[in-house]
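Asks: Test case, fold it:
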Amino acid sequence: MARIRIGLALGSGVARGWAHLGVLKAIDKLGLVPDVVAGSSIGSLVGGFYLSGHAEALEEWARGLTTLKMLRYLKLPINGGMVSGTRLFGEAERYLGNLTIDELKTPFVAVATDLWTGHEIWLRDGSVVEAMRASLSLPGVFKPKRVRGHWL
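Replies: You can find the predicted model right below:
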């Protein structure tokens, strides 16, 4: 009998994203190991941290967020987004460093949107942090990021 393959899709939306952390704990507790993980927006952040072995650090960071801490991530004047991503993803780089998607033991895809065409772009290689950053771009909130010729 063939082994059942598991693909894990982690969606967008902050509340759902933080809930993904609990789901991943349950998956681990059951001894299940996904064969591939894909994430969009906050789902890419959770997926990248999970596959790099740093999901607990992300959860600890999220639990420690306060309104004041969130305000520190804002960058004024606003030029493409209220949050440049520099400070926020500096935190991600503390844990993931220059880790690439190819170095992860499990295939990972961060899904982003090309702001000019509206097409989805699958980021399957390169920097984990850059892929998460591109997937988290949200016009007016997170400043867009140029990756491989696309404004994401």
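Asks: distance of residue 117 from residue 11?
Replies: 22 Å (Cβ to Cβ, to the nearest Å). The C-beta positions use only the backbone N, C-alpha and C, and glycine is treated the same way.
Asks: One more: residue 26?
Replies: Where residue 11 is concerned, residue 26 sits at a distance of 17 Å (Cβ to Cβ).
Asks: Of these two, which one has the most company?
Replies: residue 11 (17 against 9; other Cβ atoms under 10 Å).
Asks: Contact partners for residue 56?
Replies: Counting by Cβ atoms under 8 Å, 6 or more residues apart in numbering, residue 56 touches no other residue.
Asks: try residue 99
Replies: 52, 127-129.
Asks: cool, residue 51 as well?
Replies: 37, 104-106, 108, 128.
Asks: Kindly report the same for residue 14.
Replies: Neighbours of residue 14 in contact, by Cβ under 8 Å, 6+ apart: residue 42.
Asks: Then the one 4 residues further on?
Replies: Contacts here follow Cβ under 8 Å, 6+ apart; on that basis residue 18 touches 42, 62.
Asks: can you rerun that using 10 Å?
Replies: 42, 46, 58-59, 62-63, 65 (Cβ atoms under 10 Å, 6 or more residues apart in numbering).
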